[in-house]
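1. Pasting a predicted model and its sequence here:
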Amino acid sequence: MGIGTPQTLGVLLGGAGGAPPELCAALTAVFQELGTSECHFTNGTEKVRFVDRYIYNRVQDVMFDSDVGHFVGFTPAGERWASDWNSKSEIMEYKRGQVDNYCRHNYEVSRPFLTERRGELGAERSI
């Protein structure tokens, strides 16, 4: 492995090239697992929607949407997980409670920094 090889470049760039192929072909792939929690607000906290997404290798497997009220699977694995999680009352109670415990709570904490500053930049830019 010389200084100008892609594997060396990957090491120099923080491992972006993956593991050197001579170690093991199975170690050279890149996998991504991502979870997102989103809060969508309409008219302050009058209408709040909580969405929790589980994504693997850029494919959304399963999501919870508070407007729907349960998990929905988008892949075979996601459908199995959704079925399992939907059958567990403690998980469903927790996810449904996130509208208040996560979204509305964070809205109240963040509100002074968000809604009260609305228009400040626009005022500076007006001619």
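-> Cool, the structure landed.

2. Run through the bridge partners of H70.
-> Beta bridges link H70 to D65 when assigned by DSSP bridges.

3. Quick check: the gap between it and E46.
-> Using CB to CB, to the nearest Å, H70 is found at 23 Å from E46. The C-beta positions use only the backbone N, C-alpha and C, and glycine is treated the same way.

4. domains of this structure?
-> According to automatic domain parsing, the chain comprises the domains 1-30, 32-125.

5. Between H70 and E46, which is the more surrounded one?
-> The neighbour comparison of H70 against E46 (other CB atoms under 10 Å) goes to H70, with 14 against 7.

6. Tell me if I'm right that that one and A82 touch.
-> Yes. Look at H70 against A82 with CB atoms under 8 Å: they come within range, at 7.5 Å.

7. quick one on the thing from earlier: mean pLDDT lowest where, among the domains of the chain?
-> Per-stretch mean pLDDT for the domains of the chain is lowest at domain 1-30 (a mean of 52).

8. Can you get me a residue count around V62?
-> Counted with other CB under 10 Å, residues neighbouring V62 total 23.

9. Just the buried positions in whichever strand or helix holds it, please.
-> Element membership of V62, judged by DSSP states H and E, is strand 59-65. By 16 or more other CB atoms under 10 Å, the buried positions in strand 59-65 come out as Q60, D61, V62, M63, F64, D65.

10. Would you point out the most distant pair within these?
-> By the measure CB to CB, D61 and D65 form the most distant pair in the buried residues of strand 59-65, at 14.2 Å.

11. CA atoms only for the host helix or strand of D84, dumped as PDB, please.
-> Using DSSP H and E, D84 sits in helix 76-86. Output in PDB follows, covering the C-alpha atoms of helix 76-86 (Å, rounded to 0.1, in the frame of the first residue of the first chain):
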ATOM      1  CA  PRO A  76     -40.000  -6.200   4.700                       C
ATOM      2  CA  ALA A  77     -37.800  -5.600   7.800                       C
ATOM      3  CA  GLY A  78     -39.600  -2.400   8.500                       C
ATOM      4  CA  GLU A  79     -43.000  -4.100   8.300                       C
ATOM      5  CA  ARG A  80     -41.900  -6.700  10.800                       C
ATOM      6  CA  TRP A  81     -40.600  -4.000  13.200                       C
ATOM      7  CA  ALA A  82     -43.700  -2.000  12.800                       C
ATOM      8  CA  SER A  83     -45.900  -5.000  13.600                       C
ATOM      9  CA  ASP A  84     -43.800  -5.800  16.600                       C
ATOM     10  CA  TRP A  85     -43.700  -2.200  18.000                       C
ATOM     11  CA  ASN A  86     -47.400  -1.600  17.300                       C
END
